[in-house]
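turn this into a model:
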Amino acid sequence: MDRFNLAVIGATGAVGRIFLSILEERNFPLNKLRLCASERSLGGKIKFAGEDHCIEPITNELLSDSDFVFISASSEVSLDIAPRAAKLGSIAIDDSSAFRMDRTVPLVVPEVNSKDLDQHKGIVSIPNCSTTPLTMVLHELGKLAKINRVIVDTFQSVSGAGTGAVVELDSQTQAMYQNSKIQTSIHPHRIAFNVIPQIDSFTESGYTNEEMKMVNETKKILHRPDLNISATCVRVPVKIGHSEAVHIEFDQNIELKNACSILSNSPGITLLDDPEKNHYPMPINSEHKDDVMVGRLRKDVSSPNGLALWLSCDNLRKGAALNAIQIAESIIDKRLI
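Numbers count the residues shown, from 1 in each chain. Predicted structure coming up:
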């Protein structure tokens, strides 16, 4: 079996560390691993497979020596690193929003549109961590009938905003119990014991950038520019795990049993739907899981051709790191490298 050199940009971040953990779990065909992070982390060490790996600076030598370059950093970093890596012969798999809507860059969820990898030109983009589970469910249910409209409300954990947001939730929670001053720096308002109906900045339409990412990315991944979709994205005081309330309208009536059947047999999806026993997806039972958990599946009483459902997903795994590794695995399987 061929083995591959891999560089991880942003190795010390939340997604970077999960990436390394999953890489080891899946026994990825790795030859050499090189780790990079911000300047303040240079010289530090991260253990992988029982060995210490030093944090290196990002150089052209490192990029050219890598078959795959996984980037979990800001869009500014990705806009610099990804084209350089591609030009030097590597395949950049980018977790930022920098290239998601670039027509020349595939935006991929392997269970949904792995065929798009055939057109890659050295850069592949990973969707927003809330877009990924949504497209997986829509892709499968869309096999039953054409989807006309989707309304989705997300309940996104603070880890989606980075490690600092998790620390802020902890510190605010502690401060409230101690009746001390609340410090807010990451979120626009206190997140402890609160929900914030804003993720990212607002656009002129009244939607946030996060909401429009979901709208536009979903259309691109599903190859459905005509799809009517609206999103409301909410930050909730949960550390890990994004959840979504999804309402789907089809062009014809869908039997509930058929929807349950297709979701039960879909790759990367676990149907957890037994209301009588209070069994349904939650962040606490999706954390550390690879699959998207789907439940509360029911006919939409407001629409004759509608279905309603609830899903939860580990945003650091399938929402980011796992999806990146699956993209690399798909590229290898397709012999595109």
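
which residue ranges of the stretch 101-250 of the chain form helices?
Here the stretch 101-250 of the chain has its helices, by DSSP state H, counting those that start in this stretch, at 110-113, 131-141, 163-177, 209-222.

please identify the most buried of the ones you listed.
helix 131-141 (a mean of 25; mean count of other C-beta atoms under 10 Å). C-beta: built from backbone N, CA, C; applies to glycine.

and the closest residue to residue 189 other than its chain neighbours, how many residues sit next to it?
Using C-beta to C-beta, 6 or more residues apart in numbering and skipping the chain neighbours, the partner closest in space to residue 189 is residue 196 (5.5 Å). The tally of other residues near residue 196 (other C-beta atoms under 10 Å) stands at 17.

in JSON lines, list the helices of the stretch 101-250 of the chain along with mean pLDDT and distance to residue 38.
JSON lines is the format used below for the helices of the stretch 101-250 of the chain (pLDDT from 0 to 100; distance: least, C-beta to C-beta, whole Å):
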{"stretch": "helix 110-113", "mean pLDDT": "98", "distance to residue 38": "29"}
{"stretch": "helix 131-141", "mean pLDDT": "98", "distance to residue 38": "26"}
{"stretch": "helix 163-177", "mean pLDDT": "96", "distance to residue 38": "12"}
{"stretch": "helix 209-222", "mean pLDDT": "98", "distance to residue 38": "24"}
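
can you tell which of those is closest to residue 270?
Proximity to residue 270 (C-beta to C-beta) singles out helix 131-141 among the helices of the stretch 101-250 of the chain, at 11.2 Å.

elements contacting that closest one?
For helix 131-141, the helices and strands in contact under the criterion 3 or more C-beta pairs under 8 Å, 6 or more residues apart in numbering; DSSP states H and E are helix 110-113, strand 147-156, helix 209-222, strand 242-250, helix 256-264, strand 269-271, strand 292-299, strand 306-313.

residue 158 touches residue 168, doesn't it?
Yes. Counting by C-beta atoms under 8 Å, residue 158 does reach residue 168; the two are 7.3 Å apart.

stretch 265-283 spans what distance, first to last residue?
In stretch 265-283, first residue to last residue: 22 Å (C-alpha to C-alpha, to the nearest Å).

so what's residue 45 up against?
Shown in contact with residue 45 (C-beta atoms under 8 Å, 6 or more residues apart in numbering): 52, 53, 54, 55.

typo on my end, residue 85
Residue 85 makes contact with 63, 66, 69, 91, 92, 122, 123, according to C-beta under 8 Å, 6+ apart.

doesn't it fall inside a helix?
Yes. Counting by DSSP: H, G, I helix; E, B strand; the rest coil, residue 85 is part of a helix.

picking that back up, so for residue 158 and residue 168, which residues contact both of them?
Contacts common to residue 158 and residue 168, judged by C-beta under 8 Å, 6+ apart, are 186, 187, 191.

neighbour-wise, which of these leads?
Counting neighbours by other C-beta under 10 Å, residue 191 comes out on top of these with 23 neighbours.

my read: it touches residue 172, true?
Yes. The criterion here is C-beta under 8 Å, and residue 191 meets it with residue 172 at 6.4 Å.

overlap of the contact sets of the two?
Taking C-beta under 8 Å, 6+ apart as the contact rule, residue 191 and residue 172 both touch residue 184.

among the helices of the stretch 101-250 of the chain, which is nearest residue 328?
helix 110-113 (9.7 Å).

for that closest one, C-alpha coordinates in CSV please.
In CSV, the C-alpha atoms belonging to helix 110-113 read as follows (Å, rounded to 0.1, in the frame of the first residue of the first chain):
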residue,chain,number,x,y,z
PRO,A,110,-17.7,12.5,0.5
GLU,A,111,-21.0,10.7,1.2
VAL,A,112,-22.8,13.3,-1.0
ASN,A,113,-20.6,14.6,-3.9
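
other SSEs contacting it?
When contacts are defined as 3+ C-beta pairs under 8 Å, 6+ apart, helix 110-113 sits against helix 131-141, helix 209-222, helix 322-333.

residue 194 against residue 188, yeah?
No. Applying C-beta under 8 Å as the test, residue 194 and residue 188 come out as separate, 10.8 Å apart.

identify the contacts common to these two.
Common neighbours of residue 194 and residue 188 (C-beta under 8 Å, 6+ apart) do not exist.

ok so, going back, can you put the helices of the stretch 101-250 of the chain in CSV and add distance to residue 200?
Formatted as CSV, these follow (distance: least, C-beta to C-beta, whole Å):
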stretch, distance to residue 200
helix 110-113, 24
helix 131-141, 13
helix 163-177, 13
helix 209-222, 4
